[in-house]
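> With the sequence up front, the predicted model follows.
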Amino acid sequence: MKKDPLPQFAGIIPARYASSRFPGKPLVLIGNKLMIQRVYDQARKALDMVWVATEDKRIFEAVLDFGGKAIMTSPNHLSGTDRCAEAVTKINRETARKIDVVINIQGDEPFIKPEQITLLMKCFVDETVELATLVRKVEPGEDVFNPNQPKVILDSKGDAIYFSRAAIPYIRDSEKSDWSRNHVFYKHLGLYAYRSETLKKITLLSRSPLEISESLEQNRWIENGYRIRTAVTTWESIGIDTPDDLEKAKSLLDHFF
């Protein structure tokens with residue numbers, strides 16, 4: 001029997017201008033390139049089709065100026081997932097190209113490695129996988145208690161059971177300073193992939209109690225019965241949320257590119 005061809009992937013980079021902590025950050029310069037261009041260029045090393053999805057004409061025009069592809073989306077989206085869902089519908093209509101799986105690439109991570117995107121794509125060799133994301137093992141001695149770094153527990157197949165801002169699981173009969181030495185914790189990295197039909201479905205779901213409690217949208221999907229496959233990367237993501245983060249990123253430039 002002839003096997004089905006591999007899924008057709010597209011990378012979508014949600015990019016908002018109106019960030020509360022750092023307005024206009026997609027358009028800041030890192031070296032001689034805009035941040036959004038660095039993200040785009042890294043994504044193109046792994047994907048043939050990459051689009052920036054934005055609500056702002058300045059970002060849209062900047063992407064076109066450096067030779068990228070961009071699509072305008074609503075300013076009312078609450079998450080990058082919602083923006084990706086609108087974008088993929090418009091891209092399908094505009095290009096008439098089939099997109100089986102959408103890779104949601106954070107627009108504020110200019111140091112994303114193409115290998116991480118490829119690792120996520122490999123999850124979809126399994127035809128039962130509908131959603132996937134990346135995780136990283138916490139190193140012994142590393143802080144697991146930072147609420148800004150979500151943690152995740154996995155089942156024996158590598159599917160996510162639950163995401164939390166707390167350190168999970170709780171390690172009984174152990175000093176908290178030793179937790180990361182006595183158990184393998186996983187930190188969640190915000191790179192997602194969804195089959196296109198699944199993406200449409202999950203954006204129709206109402207916000208769920210666990211999502212609201214943790215402020216983590218992926219718990220909504222789990223509460224509604226979806227399985228999220230994970231792939232383990234060894235590379236730490238470097239996001240830029242504040243002007244201070246930008247200065248740190250500039251210091252890494254020569255070592256990375």
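Thanks, I have it. Numbering: from 1, shown residues only.
> what about the stretch 151-257 of the chain, any weak spots by pLDDT?
254-255, 257 (pLDDT under 70).
> Can you name the next helix or strand after the biggest strand by length in the chain?
Taking DSSP state E as the criterion, the chain has its longest strand at strand 186-195. Downstream of strand 186-195, the next assigned helix or strand under DSSP states H and E is helix 196-202.
> Can you give me the buried ones in that following helix?
Ser196, Thr198, Leu199, Lys201, Ile202 (16 or more other CB atoms under 10 Å). C-betas here are computed from N, CA, C, even on glycine.
> what's it packed up against?
helix 80-95, strand 101-104 (3 or more CB pairs under 8 Å, 6 or more residues apart in numbering; DSSP states H and E).
> which residues touch it?
81, 84-85, 88-89, 99-102, 130-131, 194, 220-221, 224, 226 (CB atoms under 8 Å, 6 or more residues apart in numbering).
> Send me it as PDB with only the CA atoms.
Only the C-alpha atoms of helix 196-202 are listed here, as PDB (Å, rounded to 0.1, in the frame of the first residue of the first chain):
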ATOM      1  CA  SER A 196      -5.000  22.800  10.500                       C
ATOM      2  CA  GLU A 197      -8.300  21.200  11.300                       C
ATOM      3  CA  THR A 198      -7.400  20.900  14.900                       C
ATOM      4  CA  LEU A 199      -6.300  24.500  15.100                       C
ATOM      5  CA  LYS A 200      -9.800  25.600  13.800                       C
ATOM      6  CA  LYS A 201     -11.500  23.400  16.500                       C
ATOM      7  CA  ILE A 202      -9.500  24.500  19.500                       C
END
